[in-house]
Each structure stands twice: as C-alpha cells, then as structure tokens.
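# Below are the sequence and a predicted model; questions follow.
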Amino acid sequence: MQNQDKNPLHGITLQAILEKLVDYYGFDTLSELIPVKCFTSNPSIKSSLTFLRKTDWARKKVEDLYIRSLPKFSV
C-alpha cells in the first residue's frame, strides 16, 4: 500500500495525464518531445488515447514525461 502512495501515477488516468501534457506543452511541442504519429499527424486526445492504450512503449514515454513535468505544473 505504501508503494502506491509514492507512485505519482497512482489514481491518475491516462486521459488526465495526456490532457495535462497537452494543456501545458500543446501538441506541437509534445510531438517534438515524443515523436509519434498520434502527436504529429492530425492530433487529438481521442486518437492519442487509442494509440497509447495499444502501445506500451509510447505510453511509458508519455508517463515518464508527465513525471518529469510535475514540478513545472505546480509553478
């Protein structure tokens, strides 16, 4: 139980993570940070979620960027 308390992703949906990243960076910058087609070609939250739910390595990159960006969100 205590391990989950320290996990910054615990209780946060992929949609919430993606919306926060898009709000902060926008799809243009997000596509530079994580160059995947769902961010570069006609991006949307819905299409990105579909891709990220099927593609573990891309989801991991998004989650890692979210964790690295947490200090920036609180500024």
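The structure has been received and is ready for your questions. Numbering: from 1, shown residues only.
# What residues of the longest helix anywhere in the chain count as buried?
Using DSSP state H to define each element, the chain has its longest helix at helix 14-33. Neighbour counts using 16 or more other C-beta atoms under 10 Å place 14, 17-18, 21-22, 25, 27, 30-31 of helix 14-33 among the buried residues. Glycine gets a C-beta too; all of them are placed from N, C-alpha and C.
# any chance of these in JSON lines, plus distance to residue 7 and pLDDT?
Below are the buried residues of helix 14-33 laid out as JSON lines (distance: C-beta to C-beta, whole Å; pLDDT from 0 to 100):
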{"residue": "14", "distance to residue 7": "14", "pLDDT": "96"}
{"residue": "17", "distance to residue 7": "13", "pLDDT": "96"}
{"residue": "18", "distance to residue 7": "18", "pLDDT": "97"}
{"residue": "21", "distance to residue 7": "18", "pLDDT": "97"}
{"residue": "22", "distance to residue 7": "22", "pLDDT": "97"}
{"residue": "25", "distance to residue 7": "22", "pLDDT": "96"}
{"residue": "27", "distance to residue 7": "27", "pLDDT": "96"}
{"residue": "30", "distance to residue 7": "23", "pLDDT": "96"}
{"residue": "31", "distance to residue 7": "27", "pLDDT": "96"}
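# Including distance to residue 54, could the residues you listed go into a markdown table?
As requested, the buried residues of helix 14-33 are arranged in a markdown table below (distance: C-beta to C-beta, whole Å):
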| residue | distance to residue 54 |
| --- | --- |
| 14 | 11 |
| 17 | 16 |
| 18 | 14 |
| 21 | 18 |
| 22 | 19 |
| 25 | 22 |
| 27 | 19 |
| 30 | 18 |
| 31 | 18 |
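# between these, which is nearest residue 57?
residue 14 (14.2 Å; C-beta to C-beta).
# shouldn't residue 65 be in contact with residue 32?
No - the pair residue 65 / residue 32 is not scored as a contact, 11.3 Å apart, by C-beta atoms under 8 Å.
# Now do stretch 31-38: distance to the chain's middle.
Per C-alpha atoms, centre = their mean, to the nearest Å, the displacement of stretch 31-38 from the mean C-alpha position of its chain is 11 Å.
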